[in-house]
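**Student:** sequence isn't available, so here's the structure alone:
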Ligand code: ASP
């Protein structure tokens, strides 16, 4: 019988009513007690690493989760991490870069309604996640939510309330779960596990709005190591009455701040070469663009790539090198 480790971190799934609204309260053992049927399929041990609303999750905690999994990797056949849904897509993407090619499945799940409530989706999600983690065909890092198996770098929370809260963005779902049966649609790629232990979280996302001043980049130049610019459509930078944006971009480059262009449009990604507003930036500067990646995955990949690259060129090369199915 397979041995699965349930790692709990909080989130709605483990929450209970408090005077000030829902807050994580249940221990990992209490959570597991709500899904007794999984003991027919595998042995499950538990560890509670945090009990946080995922709004309070931070990059250091993702690193700690990855380090914990590395420490006990040989003791278990698979890992289930329960996590708040609000920042789960970021956590999943980060774990995907920190633990690459794992033959042992690492599954994140959570719920929209606490496990103790009558109409909860938590029992089904948790059961599915544990079952998947114990499946011979499973490997790598995924989110399981609302019957879907979603690649960690492709997931986004697209609904705040419904049970099908997560979507796979511009990439097919890896599979789906019906009762105890798992259907895999995509081939899963696994090999020798590689753990990474360093990230640089000095990263910010700037969403452009029409008419905005480029002054924000002065602040960023002094404070951050990388900025992800969510621009409009397939991508570009505004040229208003002066070339303020380009001047600020040059300032960032001179300061060694890495810049990555992406789009605020939810589907189909960037393509900076299409319009003059994008091409003039792309031709002049070594600024990578995210193409079809989600912003969540871009944030995680940039944090992972920063300490592994010494120049803008090295950074761009690493950013463009696909890790699994993160960029097409
Ligand atoms: N605020 C909660 C969290 O992210 C929402 C959830 O888990 O669904 O922790």
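**Tutor:** That came in fine, so what should we check first? Small disclaimer: the values here were computed from a predicted structure and weren't measured.
**Student:** and the spatially closest residue to residue 144 that is not a sequence neighbour, how far is that from residue 206?
**Tutor:** Excluding the flanking residues, the one nearest residue 144 by Cβ to Cβ, 6 or more residues apart in numbering is residue 129, at 4.5 Å. (Each C-beta comes from the backbone N, C-alpha and C, glycine too.) The spacing between residue 129 and residue 206, counted by Cβ to Cβ, to the nearest Å, is 34 Å.
**Student:** settle it for me: which of these two has more neighbours?
**Tutor:** The neighbour comparison of residue 129 against residue 206 (other Cβ atoms under 10 Å) goes to residue 129, with 30 against 17.
**Student:** buried sites along the helix or strand harbouring the more buried one?
**Tutor:** Using DSSP states H and E, residue 129 maps to helix 122-133. Residues of helix 122-133 classed as buried under the neighbour-count rule (16 or more other Cβ atoms under 10 Å) are 122, 124-133.
**Student:** same check, this time on stretch 21-28
**Tutor:** For stretch 21-28, the neighbour count (16+ other Cβ under 10 Å) marks 23-24, 26, 28 as buried.
**Student:** what segments of this structure are helices?
**Tutor:** 28-33, 59-72, 88-98, 122-133, 216-223, 244-254, 276-284, 295-305, 312-320 (DSSP state H).
**Student:** could I get the ones you listed as TSV with mean pLDDT and distance to the ligand?
**Tutor:** Below are those laid out as TSV (pLDDT from 0 to 100; distance: least, Cβ to the nearest ligand atom, whole Å):
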stretch	mean pLDDT	distance to the ligand
helix 28-33	98	13
helix 59-72	98	12
helix 88-98	98	7
helix 122-133	96	10
helix 216-223	97	26
helix 244-254	97	32
helix 276-284	95	34
helix 295-305	98	14
helix 312-320	97	28
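**Student:** mind putting the ones you listed into TSV with distance to residue 269?
**Tutor:** Output for the helices of the chain, formatted as TSV (distance: least, Cβ to Cβ, whole Å):
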stretch	distance to residue 269
helix 28-33	37
helix 59-72	25
helix 88-98	16
helix 122-133	28
helix 216-223	23
helix 244-254	21
helix 276-284	13
helix 295-305	11
helix 312-320	13
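**Student:** so what's the residue count around residue 205?
**Tutor:** Residue 205 has 17 neighbours, counted by other Cβ under 10 Å.
**Student:** how about the residues of the stretch 1-150 of the chain by the ligand?
**Tutor:** Proximity of the stretch 1-150 of the chain to the ligand is confined to 11-12, 53-55, 84-86, 110, 112 under the rule Cβ under 6 Å from any ligand atom.
**Student:** the residues you listed: which two are farthest apart?
**Tutor:** 55 and 112 (15.0 Å; Cβ to Cβ).
**Student:** for the two, indicate the residue with more neighbours.
**Tutor:** Between residue 55 and residue 112, counted using other Cβ under 10 Å, the more crowded position is residue 112 (22 against 10).
**Student:** my read: that one touches residue 164, true?
**Tutor:** No - counting by Cβ atoms under 8 Å, residue 112 does not reach residue 164; the two are 9.3 Å apart.
**Student:** which residues sit in contact with the residue of the stretch 1-150 of the chain at minimum distance from the ligand?
**Tutor:** Ranked by Cβ to the nearest ligand atom, the top residue of the stretch 1-150 of the chain for proximity to the ligand is residue 84, at 2.0 Å. Residues near residue 84 by Cβ atoms under 8 Å, 6 or more residues apart in numbering: 9-13, 24, 52-55, 57, 110.
**Student:** residue 1 is nearest to which of the helices of the chain?
**Tutor:** Proximity to residue 1 (Cβ to Cβ) singles out helix 122-133 among the helices of the chain, at 12.4 Å.
**Student:** name the nearest residue to residue 87, sequence neighbours excluded.
**Tutor:** residue 54 (4.2 Å).
**Student:** which residues touch that neighbour?
**Tutor:** Counting by Cβ under 8 Å, 6+ apart, residue 54 touches 9-11, 83-88, 91, 110.
**Student:** ok, it to residue 61 distance?
**Tutor:** Separation of residue 54 from residue 61 (Cβ to Cβ) stands at 10 Å.
**Student:** so what sits against both of the two?
**Tutor:** Common neighbours of residue 54 and residue 61 (Cβ under 8 Å, 6+ apart) are residue 9.
**Student:** let me know the outermost residue of this protein.
**Tutor:** residue 241 (38.0 Å; Cα atoms, centre = their mean).
**Student:** dump the residue contacts of it.
**Tutor:** Taking Cβ under 8 Å, 6+ apart, one finds nothing in contact with residue 241.
**Student:** is it true that residue 161 touches residue 112?
**Tutor:** Yes - counting by Cβ under 8 Å, residue 161 touches residue 112, with 6.3 Å between them.
**Student:** may I ask which two of the buried residues of stretch 21-28 are separated the most?
**Tutor:** Pairwise distances across the buried residues of stretch 21-28 (Cβ to Cβ) peak at 16.3 Å, for the pair 23 and 28.
**Student:** residue 269 touches residue 295, doesn't it?
**Tutor:** No - using Cβ under 8 Å, residue 269 is not in contact with residue 295; the gap is 10.8 Å.
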